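S.K.: Give me the fold of what follows.
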Amino acid sequence: MPKMKTHKGAAKRFSATGSGRLKRKRPNLRHILTSKSRKRKRQLRQPDYFAAADEKNMKQLLPYL
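M.R.: Down below sits the predicted model:
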């Protein structure tokens, strides 16, 4: 049976934690930053984790994590 291919777009955006959860960057920190508060921009720097409902689909894109 052939090897499964990794979805390269997903591989560049998501990474696995030690416990196996998928980590991603939060959106909305690219432009129009003057209208966002300092607190909001600081909190957007923190990583986010996928919800359990989405995590199953994302792990299919990344079979070797």
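
S.K.: When you work out contacts or count neighbours from here on, use the C-alpha atoms and nothing else.
M.R.: Noted.

S.K.: what's the residue nearest the centre of the chain sitting at in phi/psi?
M.R.: By CA atoms, centre = their mean, the mean C-alpha position of the chain lies nearest to Arg24, the distance being 1.9 Å. Taking degrees, to the nearest 10, you get phi -140, psi 160 for the backbone angles of Arg24.

S.K.: Can you tell me how far it is from Tyr49?
M.R.: Arg24 sits 6 Å away from Tyr49, going by CA to CA, to the nearest Å.

S.K.: residues making contact with the host helix or strand of Gly9?
M.R.: Secondary structure assignment for Gly9, by DSSP states H and E: helix 8-13. With CA atoms under 8 Å, 6 or more residues apart in numbering as the contact definition, helix 8-13 has outside contacts at Arg24, Lys25, Met58, Leu61, Leu62.

S.K.: How about stretch 49-63?
M.R.: Stretch 49-63 has contacts (CA under 8 Å, 6+ apart) with Met4, Lys5, Thr6, His7, Ala10, Ala11, Arg21, Leu22, Lys23, Arg24, Leu65.

S.K.: List the buried residues in that stretch.
M.R.: By neighbour count on 16 or more other CA atoms under 10 Å, the buried set for stretch 49-63 is Tyr49, Met58, Lys59, Leu61, Leu62.

S.K.: With just CA atoms, put the longest helix along the chain into PDB.
M.R.: Ranked by residue count, the top helix of the chain under DSSP state H comes out as helix 52-61. Taking C-alpha atoms only, helix 52-61 is exported to PDB below (Å, rounded to 0.1, in the frame of the first residue of the first chain):
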ATOM      1  CA  ALA A  52     -12.300  18.400  19.300                       C
ATOM      2  CA  ALA A  53     -14.800  18.500  16.500                       C
ATOM      3  CA  ASP A  54     -12.300  20.000  14.100                       C
ATOM      4  CA  GLU A  55      -9.200  18.100  15.300                       C
ATOM      5  CA  LYS A  56     -10.300  14.800  13.700                       C
ATOM      6  CA  ASN A  57     -10.500  16.300  10.300                       C
ATOM      7  CA  MET A  58      -7.200  18.200  10.700                       C
ATOM      8  CA  LYS A  59      -5.400  15.000  11.800                       C
ATOM      9  CA  GLN A  60      -6.400  13.300   8.500                       C
ATOM     10  CA  LEU A  61      -4.500  16.000   6.700                       C
END
